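[1] I would like the atomic coordinates for the input below:
(one chain, ligands or ions: 2)
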Amino acid sequence: MLTIEEALKIIKDQQVTLTTENRSLRECLGFSLSEDIISSFDMPSFDNSAMDGYALCGISKEYQIIGEVAAGEERQLTLKEGEAARIFTGAKIPENTTAVMMQEKARASGKKLFLEQEPKKGQSIRQKGEELKKGQVVFEKGYTITPAGIGMIGSLGNDKVEVFKKPVINLITTGNELVKPGNPRPEGHIYESNSYALVAACENYGFICEDKKQIEDDFEAIKTGIKNSLETAEVLVLSGGISVGDYDFVKQALEENGVEEQFYKVFQKPGKPLYFGRKGDKFVFALPGNPASSLSCFYIYVLPLLYKLSGSEKSGLAQYTFPISHNYENKSDRPSFLKAKVNNGKVEILDGQGSSMIQSMALGNALVFLDGESSAKKGELVQCFLIS
Ligand SMILES: Nc1nc2c(c(=O)[nH]1)N[C@H]1C(S)=C(S)[C@@H](COP(=O)(O)OP(=O)(O)OC[C@H]3O[C@@H](n4cnc5c(N)ncnc54)[C@H](O)[C@@H]3O)O[C@H]1N2
Ligand code: MOO
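    Ligands and ions are numbered 1, 2, ... in the order given. Predicted coordinates:
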């Protein structure tokens, strides 16, 4: 059986074709740049005031007020030694300004200005180009656009941006026992929840699941469902029916659709019967049906591929080490991703580690990785994958 590292390497090493598109500022959040963004002017583009107060020429405690500059004014005022101008935050600094004094530390009386103390040269002046120089690389290709990134790109005057397209994701859940939430539940049935969790997990990381289907455990129905989904999907995610039971048809149905297996079964808990395949430029994950298994496999395996297909610099969940707040013994012989909660700089492994148990994952915010049959002592640093 494959190790986790081997499985992740197979995903990482996939050759992918990236395509680009031009998106408006309003619609580029979470997309990754397909080219560097370069500043076409100095930022700020003119010396300006960081405070509401007075622009001063020379170092003194008394000045003569000769005028006023408001933000957005184009005309250039010029000061002489001993002169001051009323100025406001963001307004263009008059020529020959030595410093700006905030108004709380100044007193105006008619045209006379008195300061509590002498200004320091350059005080409260935002210098032309102090943040960025014209021609400077602001963001490199692959940068994933954040809200602040949108602000930065907009402040450079760009209303559009070249980004990598994100993959089209389709989802299929399988199982005769599954009932859609909101409907009566016959005996022996359970509510279908994986699709909701997986669609939400996609959305949490900026990916859209375009289409989702629920199919019963019928080989022909699953085969046809996969065929139809693969017509539009770039990434097809299936949940359930990938183990070895008599009603687990997914693997064979994928084969008969020409999907080539890249790996099947990973020595891990949860998510041992994880399948990854490819057909041309289309990728398929068949996630084990247990709710915690499917979501855990999404975070650890599907997310890295989604990032890769989006040209992102990110490669998966953020990883940190934290001291564990209690002793813990991993009884499973398989390396494990354990549902956990990071709080106040410590991590706690939660009760409810069964592959079918989702409440602990919902109450937590991390997966702790521990080797099979290993233990961690209170205070020991353990590897944590943070879930947002
Ligand atoms: N003989 C063996 N049996 C099993 C093995 C094995 O190695 N040998 N592996 C076990 C492990 S580990 C896992 S994980 C599961 C995975 O099985 P499948 O991927 O075939 O999943 P299903 O059997 O369809 O479902 C498993 C479980 O999850 C529930 N489920 C399925 N889909 C959903 C859904 N959309 N929403 C909510 N819950 C869902 C389903 O009812 C089952 O209880 O196989 C073990 N068996
Ligand atoms: O690998 Mo399964 O997800 O342990 O139950």
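
[2] for stretch 133-148, buried residues please.
    For stretch 133-148, the neighbour count (16 or more other CB atoms under 10 Å) marks 138, 139, 141, 142, 143, 144, 145 as buried. Every C-beta, even on glycine, is put in place using the N, C-alpha and C of the backbone.

[3] which of those fall in helices?
    Of these, none are assigned to helices by DSSP state H.

[4] which of the residues you listed lies closest to residue 188?
    Ranked by distance to residue 188 (CB to CB), those are led by residue 144 at 44.7 Å.

[5] for the closest one, what are its contacts?
    Neighbour list for residue 144: 30, 31, 32, 312, 313, 314 [criterion: CB atoms under 8 Å, 6 or more residues apart in numbering].

[6] any idea how far residue 314 is from it?
    Note on residue 144: its distance to residue 314, by CB to CB, to the nearest Å, is 6 Å.

[7] cool, residue 120 as well?
    As judged by CB to CB, residue 120 and residue 314 stand 43 Å apart.

[8] pretty sure residue 228 sits in a helix.
    Yes: counting by DSSP: H, G, I helix; E, B strand; the rest coil, residue 228 is located in a helix.

[9] ok, for the most centrally placed residue in the chain, nearest residue in space, not its chain neighbours?
    By CA atoms, centre = their mean, the chain has its centre lying nearest to residue 205, at 5.4 Å. Leaving aside its sequence neighbours, residue 205 sits nearest to residue 303 (CB to CB, 6 or more residues apart in numbering; 6.1 Å).

[10] can you tell me the SS state at the one you found?
    Of the three states, residue 303 takes helix under three-state DSSP.

[11] show the model's pLDDT score for whatever residue of the chain ends up closest to ligand 1.
    Distance from ligand 1 to each residue of the chain (CB to the nearest ligand atom) is smallest for residue 289, at 2.6 Å. Looking at residue 289, its pLDDT reads 96.

[12] show me how this protein divides into domains.
    As assigned by automatic domain parsing, the chain contains the domains 4-17+166-309, 20-40+139-163, 48-126, 318-386.

[13] deepest of these, which one?
    Mean neighbours per residue, mean count of other CB atoms under 10 Å, is largest over these for domain 4-17+166-309, with a mean of 19.

[14] chain center to it, what's the gap?
    Relative to its chain's centre, domain 4-17+166-309 lies at 22 Å (CA atoms, centre = their mean, to the nearest Å).

[15] is ligand 2 within reach of it?
    Yes: contact of domain 4-17+166-309 with ligand 2 (CB under 6 Å from any ligand atom) involves 269, 270, 271, 272, 288, 290, 293.
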